[in-house]
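[1] Just need the structure, nothing else, for what follows:
(chains A and B)
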Amino acid sequence: MKPARQTAARGHSGAENFDEKMRGARKVFLKNYQLLILILPAFAATFIFSYIPMYGVQIAFKNFRPSLGIWASEWVGLEHFVRLFQFPNFLPMLRNTLTITLYTLAVFPIEIIVALMLNELGSLKFKKTVQMVSYAPHFLSTVVLCGIVKLFLGRANGVVNNLLAFLGGDRIDFLALPEAFASIYVWSGVWQNVGWGTIIYLAALAGVSSELVEAARMDGAGRLRIIWHVNIPALTPTIVILFIMSAGSIMSLGYEKIFLLQNNLNLPASRVISTYVYDMGILRNQFSYATAIDFFNNAVNIATLMAVNALADRLTGIGLW
Amino acid sequence: MGAGMGAGGAKKAGTPARRRPTIRRSRGDMIFDAANYALMGLFLLIMLYPLYYTIIASVSDINEVSLGHVLFLPKGFTLDAYRQIVGNSLIWSGYFNSALYTVLGTAYGLIVMVPLAYALSKKFLIAKGFITWFFIFTMYFSGGMIPAYILRVQTLGMSNSMWVMVLGSVSVYNMIVTRTFFKAAVPEELFESAEIDGASQFRCFFSIALPLAVPIIAVMALFFGVSQWNSYFNALLYISDKAKYPLQLVLRNILILNEPMAIDKDMLTSMSAAQAQDQIFRQRLAESMKYSVIFIASAPLLIAYPFVQKHFVKGMLIGSVKG
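    Numbers count the residues shown, from 1 in each chain, chains lettered A, B, ... in the order given. Just a heads-up that it's a prediction; the model follows:
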């Protein structure tokens, strides 16, 4: 259609050509202006609540004074970053962040395994029941989850300690032990999200061709062999994408949850970079310093995301972009 | 891995290719199935038990719970803990506030997000690349906690305002899911013929796209609703007036900070003087009230859950079509 109109236009005089163009522009405008109006609320909301804070990031390089505002506060260069790197707890904090994150990434295969096992269940009724129950914890709030964790692990009355005492062991205040913190954080998260996490994998498994499975059976492959050679390869693209995404949030752990599980006794293991931002910024009003910490955190996230993405792209040909 | 192999070959190659049930199962397959069912049964128990225990502990006699006698069935059935909570005004105002924030926040989220998703699903939208990246960029980079705090508290003066809980940026991930739905589920020809008949883009959106998008809008409303109902951190940052606390913040004070809940006076007089004075008893009562608080706070979701579960799954799946 397009070339035809162009040859037609070439035959017209200049004035007609101009007319044609105007009509085209008018048409584009008419078709688009209402769409742009539909976009406007989202554009405004994002501009105000995302882009203005991005503009505010400059206070990481300034000494922010509320009376002067963001723009007029004086520049101090990298002073706040230097202070962060020289902070004696910086390395322990970084180590805690990385420990908890790597631990979280290490349990990543659990939901894949559960999905593969669910997929093998012959009884549809039982499968549905397991799915229904295992999705439920996903809908509990972080506060409720941490409340349950605290109650269950409680030293005096918690069910876990009751069991320990019943078996003749000593009661342990788990939440006061720094060395138990990462495990508590990670495994309570597994309990909450493993069921929900299987949904995407189960959908991918439903797409595995039954002829392929049948052919493998004909060739004498057992169930585990079929899982290994048919089902897992079918999941690979999904696994890679989800892994890249979780690696991208490597430093921005669920600080809302860590914050709730944190107490003075487990602080050596539970002080992570993102909770330190809250401590410094909101509790102590050191806005510039806290912003610098957050900025550092964010930059590491983006760098990790890009590195993992590039690596996955090279290894498997699958990437985010 | 080799377990299923040898016996599997015994199957007659000549039988017509039917589905599994008719194929004779090898011994390896049977072992596999037995192990799989056993492990999944165990998994089911692990998932279920904490929820179940919370409920039975909330209706059991407090002393029995503390002594570890409650494991599988409630002991000394009592609703004392619930009776205490019914009298707690903070919980009720929290409930009310959360409901208000959830309804308004969900409505706001949809009003901002759905039209955007529709517009971005159009091929002919001008500057589409720029507009898309304008939103996608916010998924990867943000100003962080403090600049957002300065904006809301100092520039906009929103602390302790209901609007700080309602207004916010666009949820880009959900927008992409909705856009995928518009692209896949609403045939382009429908719009083309409507446009030939002289329908404007507004008309196309409100009269054609929206009615067809009801399923995805319902799913998104559920997503927004649940995350609003469950969020506490925003309230922690911006709401200091206890009368405006959402339920989750009230819960945090009770469950995490161990803030004592007021014990009803009638109940105290009904207890023996010795009990009322007993520090341990009070501590146990507080503990038992926590179980009931958890149940009461999660009840709306848990009751609605069986009915809406499949919609959530549907929403997840639309999203996974194109991440």
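[2] Now for B:Ile208: which residues touch it?
    Counting by C-beta atoms under 8 Å, 6 or more residues apart in numbering or on different chains, B:Ile208 touches B:186, B:190-191, B:194, B:199. (Each C-beta comes from the backbone N, C-alpha and C, glycine too.)
[3] Could you report the pLDDT at A:Ile302?
    As predicted, A:Ile302 sits at a pLDDT of 85.
[4] one step back: ok, which pair from the contacts of B:Ile208 is furthest apart?
    B:Val186 and B:Ala199 (13.9 Å; C-beta to C-beta).
[5] measure stretch A:244-256 end to end?
    End-to-end span of stretch A:244-256 (C-alpha to C-alpha, to the nearest Å): 22 Å.
[6] what's the answer for stretch A:72-89, then?
    End-to-end for stretch A:72-89, by C-alpha to C-alpha: 32 Å.
[7] Now do the residue of chain A found nearest chain B against B:Met30, distance only.
    Among the residues of chain A, A:Gly222 lies closest to chain B, at 1.8 Å counting by C-beta to the nearest C-beta. As judged by C-beta to C-beta, to the nearest Å, A:Gly222 and B:Met30 stand 11 Å apart.
[8] more neighbours, these two?
    Legend: neighbour count by other C-beta atoms under 10 Å in any protein chain shown for A:Gly222 and B:Met30, higher for A:Gly222 (24 against 13).
[9] So that one sits against B:Asp29, correct?
    Yes - contact criterion C-beta atoms under 8 Å: A:Gly222 and B:Asp29 qualify, at 6.8 Å.
[10] where does chain B have low pLDDT?
    B:1-25, B:261-279, B:319-323 (pLDDT under 70).
[11] For B:Leu39, which residues are in contact?
    Contacts of B:Leu39 by C-beta under 8 Å, 6+ apart are A:Met117.
[12] Restricting to C-alpha, output stretch A:106-117 in CSV.
    Extracted C-alpha coordinates of stretch A:106-117, given in CSV (Å, rounded to 0.1, in the frame of the first residue of the first chain):
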residue,chain,number,x,y,z
ALA,A,106,21.2,-21.9,46.2
VAL,A,107,17.7,-23.1,47.1
PHE,A,108,16.4,-21.9,43.7
PRO,A,109,16.3,-25.5,42.3
ILE,A,110,13.8,-26.6,45.0
GLU,A,111,10.8,-25.2,43.2
ILE,A,112,11.9,-26.8,40.0
ILE,A,113,12.2,-30.2,41.7
VAL,A,114,8.8,-29.8,43.3
ALA,A,115,7.3,-28.9,39.9
LEU,A,116,8.9,-31.9,38.3
MET,A,117,7.5,-34.2,41.0
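[13] and A:Lys62, what are its phi and psi?
    phi -130, psi 170 (degrees, to the nearest 10).
[14] The closest residue to A:Gly77 other than its chain neighbours: neighbouring residues, count only.
    The shortest distance from A:Gly77 to any non-neighbouring residue, by C-beta to C-beta, 6 or more residues apart in numbering or on different chains, is to A:Phe61 (6.3 Å). By other C-beta under 10 Å, 19 other residues sit near A:Phe61.
[15] A:Phe61 and B:Gly143, how far apart?
    To B:Gly143, A:Phe61 is 13 Å away according to C-beta to C-beta.
[16] just A:Ser270 next, same as before
    Distance, A:Ser270 to B:Gly143, using C-beta to C-beta: 25 Å.
[17] No further queries at this time; thank you.
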